[in-house]
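*Asks:* just coords:
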């Protein structure tokens, strides 16, 4: 499953652990593991406020 919000600069991909592992291992993509319920909105960044 994928989800792209036109107001954000990221696309979320959900899948099996194997799929996520394959995506994380792909050097041609910028991929990070993201927590369920995690926010991509700029005001959710508690480190760089």
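*Replies:* Happy to help now that I have it. This structure is a prediction, so every number in the text was calculated from the model and none was measured. Numbers count the residues shown, from 1 in each chain.
*Asks:* Just checking the distance from the helix or strand containing residue 22 to the centre of its chain.
*Replies:* Per DSSP states H and E, residue 22 falls inside helix 17-25. Counting by Cα atoms, centre = their mean, to the nearest Å, helix 17-25 is centred 12 Å from the centre of its parent chain.
*Asks:* quick one: contacts of it?
*Replies:* Contacts to helix 17-25, defined as Cβ atoms under 8 Å, 6 or more residues apart in numbering, come from residues 13, 15, 29, 31, 33. For the C-beta atoms, the positions are set from N, CA and C on the backbone; glycine is no exception.
*Asks:* how about TSV for these, with secondary structure and pLDDT added?
*Replies:* Converted to TSV, these look like this (DSSP: H, G, I helix; E, B strand; the rest coil; pLDDT from 0 to 100):
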residue	secondary structure	pLDDT
13	strand	87
15	coil	90
29	coil	92
31	coil	92
33	coil	89
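*Asks:* For those, which two are the farthest from each other?
*Replies:* Between any two of these, the greatest separation by Cβ to Cβ is 13.7 Å, found for 15 and 29.
*Asks:* How many neighbouring residues does residue 40 have?
*Replies:* 14 (other Cβ atoms under 10 Å).
*Asks:* so it makes contact with residue 8?
*Replies:* Yes. Counting by Cβ atoms under 8 Å, residue 40 touches residue 8, with 5.0 Å between them.
*Asks:* In contact with residue 4, which residues?
*Replies:* Going by Cβ under 8 Å, 6+ apart, residue 4 touches 10-12.
*Asks:* Show only the entries of these found in strands.
*Replies:* 11-12 (DSSP state E).
*Asks:* Looking at the contacts of residue 4, spot the one nearest residue 1.
*Replies:* Using Cβ to Cβ, the contacts of residue 4 come closest to residue 1 at residue 12, 8.4 Å.
*Asks:* Any figure for the gap between that closest one and residue 36?
*Replies:* Taking Cβ to Cβ, to the nearest Å as the measure, residue 12 falls 10 Å from residue 36.
*Asks:* Relative to residue 11, how far out is the closest residue to residue 44 other than its chain neighbours?
*Replies:* Closest residue in space to residue 44, ignoring its immediate chain neighbours: residue 38 at 7.7 Å, by Cβ to Cβ, 6 or more residues apart in numbering. In this view, residue 38 and residue 11 are 14 Å apart by Cβ to Cβ.
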